[in-house]
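*Asks:* got a sequence here, can you model it:
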Amino acid sequence: MAAALVGGSFLSAFLQVLFDRMATPVFVNLFCNRKADDDLLKKLKGELRTVGAVLDDAENKEIRNQYVKEWLEELHDTFYQAEDLLDRISTEALRIKVETEYQSSTSTCTYSGDEFLRRITPEIETIVERLEGYNKKIIPLGLQVLHSRIQSHQKFETPVVDESTFFGRNADKEKIIQMLLFEDADRDNITVIPIVGLCGLGKTTLARMVYEDSRVEMSFPTRAWVCVSEEYDPTRITKEILRELGISFGESENLLSLQVKLRGGLTKKKFLLVLDDVWNSNYNQWENLRSPFNGGSRGSKIIVTTWNQQVARMMAKERSIHHLNSMLEEDCRSLFKKHAFENRDGNENAELEETGNKIVTKCRGLPLAVKTVAGILRSKTTPEEWEEILLSEEWTQMDIPDGPMPALRLSYVHLPSHLKGKNPFFISKL
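*Replies:* Residues are numbered from 1 along each chain as shown. Sure, this is the predicted structure:
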């Protein structure tokens, strides 16, 4: 849970997560044509927007004002309860959707949805009442609206990788490229190559470097890259693959017809597909998604990035799985210097380098953590500022000390206030 990992200053980003949950099609469909329930949901969103509008100011004042700090802490607990409730609603909505697909009549599903919403209505009302209470304290606490925080649901794209910032992964890159170019499937036309590792190890960056290698481009003229993420939607994924391949599909939302188009577009073609950030470990859903790929010619490959070993083993043979390990400290230092010292002269670097090396050690071989902290220190010029980062309590306060969260937390704390709720990186990673 995001709320379990973060403190009060993360509330703005966490609030965006709540709105993203409520914007998913399966969630929206559950409330469709149920006016009373839809009105209550709109009221919940309205109260969340009101409290979200003053979070910037509250985060600025919590250090100096104990009452504001307590207000944020209580709000944190309510956000956590809201997240739990929205999770349960999403799960029930998905169950109803699945039942509907397998039943000729929707009467049972409609009743199930109505009954469920009747049961959870008091819980929604309780959260709305609590938010109303917090909003009544906005004026007495002297909180002001600085700007709107909430954004519509957005698509996160993977940027092109600068090869000059790619450290310590050349051996991994070459191994995967060799698997792409010289290892064919035994029986099927397609080989799946999962890249597995903890969050922050650079799975996506590695996959992108492989994808953009000239040898790979020449061997796979038909290529597509799709970010799958936690919200598994086979229709969206199929449409994105079609777009990447330049195959038109009109306004169709029917998965079967989209898959027919995709299969036709891949027939007798050697292709490379990257499925980035896969969470779903349901074998039947994977089999359904991959069915159009079987039309491709022998030697076609699919690269998958995932943190979940179960996903990798469900999708591929053990010998095809590439396990990504922590980066060597020497490479971490090179990455750190590239981002922290790029615009400094040599004398200035020498004064800060010893502290920087100690900070790199705290990042425990995670390139995401290294790059994140280097980004903070890039604009800090004094030894005292660097020591402050080195000795920060954030390194020990997080639930996962060996992961990238302490570095992300540090980076978030040091973001300008107007950027805290607008950074899709933090929303997606948390």
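*Asks:* so what's the nearest residue to Phe293 once chain neighbours are set aside up against?
*Replies:* Excluding its sequence neighbours, the residue lying closest to Phe293 (C-beta to C-beta, 6 or more residues apart in numbering) is Ile190, at 5.5 Å. From N, CA and C alone the C-beta is placed, and that goes for glycine too. Contacts for Ile190 were tallied using C-beta atoms under 8 Å, 6 or more residues apart in numbering; they are Arg290, Phe293, Asn294, Gly296, Ser300, Lys301, Ile302.
*Asks:* list the contacts for the second one?
*Replies:* It stands for Phe293. By C-beta under 8 Å, 6+ apart, the contact set of Phe293 is Ile190, Leu266, Phe271, Leu273, Ser300, Ile302.
*Asks:* farthest-separated two in the residues you listed?
*Replies:* Leu266 and Ile302 (11.5 Å; C-beta to C-beta).
*Asks:* between these two, tell me which one has more neighbours.
*Replies:* Higher neighbour count among Leu266 and Ile302: Leu266, with 25 against 21, using other C-beta atoms under 10 Å.
*Asks:* check contacts around that one.
*Replies:* Shown in contact with Leu266 (C-beta under 8 Å, 6+ apart): Thr222, Leu245, Pro292, Phe293, Gly295, Gly296, Ser300.
*Asks:* now do the same for Val228: helix, strand or coil?
*Replies:* Counting by DSSP: H, G, I helix; E, B strand; the rest coil, the backbone at Val228 sits in strand.
*Asks:* return the set of residues that bridge with the closest residue to it other than its chain neighbours.
*Replies:* Distances taken as C-beta to C-beta, 6+ apart place Val278 nearest to Val228, at 4.8 Å, with adjacent residues excluded. Val278 forms beta bridges with Ser229, as assigned by DSSP bridges.
*Asks:* what residues are up against Phe336?
*Replies:* Counting by C-beta under 8 Å, 6+ apart, Phe336 makes contact with Gly356, Ile359, Val360, Val370, Lys371, Val373, Ala374.
*Asks:* any idea how far Arg298 is from it?
*Replies:* Using C-beta to C-beta, to the nearest Å, we find Phe336 at a distance of 44 Å from Arg298.
*Asks:* over to Val228?
*Replies:* In this view, Val228 and Arg298 are 25 Å apart by C-beta to C-beta.
*Asks:* more neighbours, these two?
*Replies:* Taking other C-beta under 10 Å, Val228 and Arg298 do not tie; Val228 has more neighbours (23 against 12).
*Asks:* could you pick out the longest helix of this protein?
*Replies:* In the chain, taking DSSP state H as the definition, the longest helix is helix 66-102.
*Asks:* just checking, what packs against that one?
*Replies:* Helices and strands touching helix 66-102, by 3 or more C-beta pairs under 8 Å, 6 or more residues apart in numbering; DSSP states H and E, are helix 2-5, helix 11-22, helix 25-31, helix 35-52, helix 55-61, helix 107-136.
*Asks:* excluding covalently adjacent residues, which one is nearest to Thr355?
*Replies:* Excluding the flanking residues, the one nearest Thr355 by C-beta to C-beta, 6+ apart is Trp386, at 4.5 Å.
*Asks:* so that neighbour belongs to a helix, correct?
*Replies:* Yes. Assessed with three-state DSSP, Trp386 lies in a helix.
*Asks:* so it sits against Glu354, correct?
*Replies:* No. Using C-beta atoms under 8 Å, Trp386 is not in contact with Glu354; the gap is 9.5 Å.
*Asks:* what's the overlap in contacts for those two?
*Replies:* Residues touching both Trp386 and Glu354 (C-beta under 8 Å, 6+ apart): none.
*Asks:* so where's the stretch 201-350 of the chain uncertain?
*Replies:* Scanning the stretch 201-350 of the chain for pLDDT under 70 picks out 230, 343-349.
*Asks:* where do the strands of it begin and end?
*Replies:* For the stretch 201-350 of the chain, the strands defined by DSSP state E, counting those that start in this stretch cover 222-229, 271-278, 300-306, 322-323.
*Asks:* among those, which comes closest to Leu131?
*Replies:* Leu131 lies closest to strand 222-229 among the strands of the stretch 201-350 of the chain, at 28.1 Å (C-beta to C-beta).
*Asks:* got a list of what the nearest residue to Leu289 once chain neighbours are set aside touches?
*Replies:* Spatially, and ignoring its direct neighbours in sequence, Leu289 is nearest to Pro234 (5.0 Å; C-beta to C-beta, 6+ apart). With contacts defined as C-beta under 8 Å, 6+ apart, Pro234 is in contact with Leu255, Gln285, Asn288, Leu289.
*Asks:* which of those has the most neighbours?
*Replies:* Leu289 (20 neighbours).
*Asks:* how far away is that one from Val278?
*Replies:* For Leu289, the distance to Val278 - C-beta to C-beta - is 10 Å.
*Asks:* so which of the helices and strands packed on helix 66-102 comes closest to Leu390?
*Replies:* Among the helices and strands packed on helix 66-102, the nearest to Leu390 by C-beta to C-beta is helix 2-5 (22.0 Å).
*Asks:* surely His76 is in contact with Leu15?
*Replies:* No. With contact defined as C-beta under 8 Å, His76 does not count as touching Leu15 (10.7 Å).
*Asks:* which of those two has more neighbours?
*Replies:* Between His76 and Leu15, Leu15 has the larger neighbour count (other C-beta under 10 Å), namely 22 against 16.
*Asks:* between the contacts of Phe293, which sits nearest Gly168?
*Replies:* Nearest to Gly168, judged by C-beta to C-beta, of the contacts of Phe293 is Ile302 at 25.3 Å.
*Asks:* let me see the domain layout of this structure.
*Replies:* As assigned by automatic domain parsing, the chain contains the domains 2-136, 168-323, 329-429.
*Asks:* make TSV from these and add distance to Leu143 to it.
*Replies:* Below are those laid out as TSV (distance: least, C-beta to C-beta, whole Å):
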stretch	distance to Leu143
domain 2-136	4
domain 168-323	32
domain 329-429	13
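*Asks:* who's in contact with Ile127?
*Replies:* Residues near Ile127 by C-beta under 8 Å, 6+ apart: Leu44, Thr78, Gln81, Ala82, Leu85.
*Asks:* which of those residues has the largest number of neighbours?
*Replies:* Neighbour-wise, the contacts of Ile127 (other C-beta under 10 Å) top out at Ala82, 24 neighbours.
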